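Undergrad: what would the 3D arrangement of this be:
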Amino acid sequence: MGRRPGLSARMKLTLSYAGFLLLAGGLLLAVVWVFLLRYVPDGVFVSGPGTQRRGVPSPPMFPSRSDLLEAFAPRAAQAMVFLVVFGLLGGWFLAGRMLAPLTRIADAARLAAEGSLSHRIGMEGPSDEFRELADVFDTMLEQLESHVTEQQRFTANASHELRTPLAISQTLLEVARSDPGRDHGELLDRLRIVNTRAIDLTEALLLLSRGDRRSFVSEPVDLSLIAEEAAETLLPLAERRRITLTVTGEATHVTGSAELMLRMVTNLVQNAIVHNFPADGTVTVHTRSLDGAGLLEVENTGHRLPAELVPTLTEPFQRGTQRVRTDEHAGVGLGLAIVHSIVRAHDGTLDLAPRPDGGLLATVRLPRGHAEASQHAVPSPDRSG
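TA: From the prediction side, this is the model:
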């Protein structure tokens, strides 16, 4: 359905300015008539009596209402014509000056629609409504450009990561076809490992996308129970690595998806176990409420982390060189990225801080649930391994 052609905003403002001037002129003429001309008597009249005598000047005559109207009407019509012309020309100029910022914003929006997100309006001048709109638009373009760049980088990395197990599987199948006498049991084991990694990566990507879309139902969740469940699941892994896993704290009620929060805590605890000392390390999970928010703290021992490495830990597929594992828990580089996505989807914050003695302290702050308002904190039992 096509759009009907209409007047531009500049033409509408121009007509508005001209109409206002015409109305103001008409009001002035009405004031002259109401308060002046209508009180002037009609007809010829003089100020003195009688007849004019020889040698005696005649008395002065005063203009009547008809005389005044006859002299005033053409000048009033000329003034009204001037006001209309002046209103149209001046209104067109003023409307152009007023709408110039909107034209710049429209040009920037047109460039953004064509795919150029690097352009900025950069409007100068006083802080008026147009300046505020331009600044908001620049901020939106900056965030949009950052998001698109991040998505492009993520797509490229995901494609690379998914291509690797598929290429390995293809190579193994070609080797098996060219060497029929090869042990099929070993081949099947390697294919199973490669396919498991591909499946884990695909599930991680789907989970990451789900967190970004916020496609979940919020419900009251107790972080302390989530922490205990995650610790119980990962306790065998901690025991194999001779890591002491401890869960402490109080009942901490927040609002969100219990399933996603369980994955969030599981990823944090597993990351703390895997990236630890080879033996005799510790992992501590603590929950508490503070300043209207629920806090989850996961702290582990380990080697010291460079300060410049910490900000990259939540980026997809960015495995710090000092944190790469070569065993079965090498991961796909999405553990903390998923955590960050889930926390952000729940309007929370994730803070990663290296410990002075080595290891990492991960602090998750989430909005508290309404159910905790009238409840007292109840300590949760410790769980060690």
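
Undergrad: my guess is Asp351 contacts Val343. True?
TA: No. Taking Cβ atoms under 8 Å as the contact criterion, Asp351 and Val343 are not neighbours in contact, 9.8 Å apart. Heads up, the C-betas are built off the backbone N, CA and C, glycines and all.

Undergrad: who has more neighbours out of the two?
TA: Taking neighbours as other Cβ atoms under 10 Å, Asp351 and Val343 compare with Val343 leading, 24 against 12.

Undergrad: and that one, how far from Leu334?
TA: The span separating Val343 from Leu334 equals 14 Å under the rule Cβ to Cβ, to the nearest Å.

Undergrad: equivalent analysis for Leu290, please.
TA: Counting by Cβ to Cβ, the gap from Leu290 to Leu334 is 29 Å.

Undergrad: comparing the two, which shows the higher neighbour count?
TA: When neighbours are counted by other Cβ under 10 Å, Leu290 and Leu334 differ, and Leu334 comes out ahead with 26 against 10.

Undergrad: and the more buried one, how close does it get to Gly19?
TA: Leu334 sits at a distance of 63 Å from Gly19 (criterion: Cβ to Cβ).

Undergrad: equivalent analysis for Asp291, please.
TA: 58 Å.

Undergrad: more crowded one of those two?
TA: Counting neighbours by other Cβ under 10 Å for Asp291 and for Gly19 shows that Gly19 has the greater number, 14 against 7.

Undergrad: so what's Ala293 up against?
TA: The neighbourhood of Ala293, defined by Cβ atoms under 8 Å, 6 or more residues apart in numbering, consists of Gly348, Arg365, Leu366, Pro367, Arg368.

Undergrad: quick one, strands of the chain?
TA: Read by DSSP state E, the chain holds these strands, from start to end of the chain: 45-46, 61-62, 219-222, 243-249, 253-256, 281-290, 293-300, 349-354, 360-367.

Undergrad: now the helices for the stretch 201-350 of the chain?
TA: Along the stretch 201-350 of the chain, counting by DSSP state H, counting those that start in this stretch, helices occupy 223-240, 258-274, 335-345.

Undergrad: can you pull the buried residues of stretch 105-125?
TA: Neighbour counts over stretch 105-125 (16 or more other Cβ atoms under 10 Å) mark Ile105, Ala108, Ala112, Leu117, His119, Ile121, Met123 as buried.

Undergrad: those residues in helices, which ones?
TA: Where the buried residues of stretch 105-125 overlap with helices, as defined by DSSP state H, the overlap consists of Ile105, Ala108, Ala112.

Undergrad: let me know whether the last one touches His119 as I believe.
TA: The reference is to Ala112. Yes. The pair Ala112 and His119 qualifies as a contact (Cβ under 8 Å) at a distance of 7.1 Å.

Undergrad: mutual contacts of the two, please.
TA: Overlap of the contact sets of Ala112 and His119 (by Cβ under 8 Å, 6+ apart) consists of Leu141.

Undergrad: list the contacts for the residue lying closest to Gly358 once chain neighbours are set aside?
TA: Sequence neighbours aside, Arg304 is the residue nearest to Gly358 in space, at 4.5 Å (criterion: Cβ to Cβ, 6 or more residues apart in numbering). With Cβ under 8 Å, 6+ apart as the criterion, the residues that contact Arg304 are Pro354, Asp357, Gly358.
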